[in-house]
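Trainee: below: sequence and its predicted model.
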Amino acid sequence: MSLFNIFEISGQGMSAQSTRLNTTASNIANADSVSSSVGETYRARHPVFAAEMEKALGTDSSMVGVKVLGIVESDKPLNVQYSPEHPMADEEGYIYKPNVNVVEEMTNMISASRSYQTNVQIAESAKSMVSQTLRLGQ
């Protein structure tokens, strides 16, 4: 594996964690929204990742990266609350809230942020190694 492949792999990791951070932020932003029907209620979203294997430079060694296959909605049940005085209540007096667990989402955000930072540090270390290697020839 070439040292330059490290930049591609860490870049893919940063992109994947950025997607994870964005979906988590969206979930937290919509955690307190209210709807009058099941169909209109926000559902928590989560990215789906897949390991990506590629041949590196035509050799037998493989380069491992990550890509986002898509974003799926959670199938956990919505939070239904009886609140007949609420302006968004349906005919039966129920309001519907998203299936977002804010504590879980905050934990997910911390994890994604740390993973992103780790990928940044890997890229910085690789940059430093390339720079030091180039100075050897001086």
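Mentor: Cool, the structure landed. Numbering: from 1, shown residues only.
Trainee: can you give me the buried ones in stretch 11-21?
Mentor: Q12, G13, M14, S15, A16, Q17, T19, R20, L21 (16 or more other CB atoms under 10 Å). Glycine gets a C-beta too; all of them are placed from N, C-alpha and C.
Trainee: neighbouring contacts of that stretch?
Mentor: 47, 49, 52, 65-68, 71, 108-109, 112-113, 115-116, 118-120, 122-123 (CB atoms under 8 Å, 6 or more residues apart in numbering).
Trainee: in helices, which of the buried residues of stretch 11-21 appear?
Mentor: Q12, G13, M14, S15, A16, Q17, T19, R20, L21 (DSSP state H).
Trainee: now these in JSON lines, with pLDDT?
Mentor: As requested, these are exported to JSON lines (pLDDT from 0 to 100):
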{"residue": "Q12", "pLDDT": "91"}
{"residue": "G13", "pLDDT": "92"}
{"residue": "M14", "pLDDT": "95"}
{"residue": "S15", "pLDDT": "94"}
{"residue": "A16", "pLDDT": "94"}
{"residue": "Q17", "pLDDT": "96"}
{"residue": "T19", "pLDDT": "96"}
{"residue": "R20", "pLDDT": "96"}
{"residue": "L21", "pLDDT": "97"}
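Trainee: select the longest helix from the chain.
Mentor: helix 102-136.
Trainee: low-confidence stretches in the protein?
Mentor: 1, 52-63 (pLDDT under 70).
Trainee: in the longest helix of the chain, what's buried?
Mentor: E105, N108, M109, A112, S115, Y116, N119, I122, A123, A126.
Trainee: cool, stretch 68-75 as well?
Mentor: Those buried within stretch 68-75 under the rule 16+ other CB under 10 Å are V68.
Trainee: with just CA atoms, put it into CSV.
Mentor: Extracted in CSV, the C-alpha atoms of stretch 68-75 (Å, rounded to 0.1, in the frame of the first residue of the first chain):
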residue,chain,number,x,y,z
VAL,A,68,-22.1,5.5,2.6
LEU,A,69,-24.6,3.1,0.9
GLY,A,70,-27.6,5.3,2.0
ILE,A,71,-29.6,6.7,4.8
VAL,A,72,-32.4,4.7,6.3
GLU,A,73,-35.2,5.7,8.6
SER,A,74,-35.5,4.0,12.0
ASP,A,75,-38.3,1.4,12.4
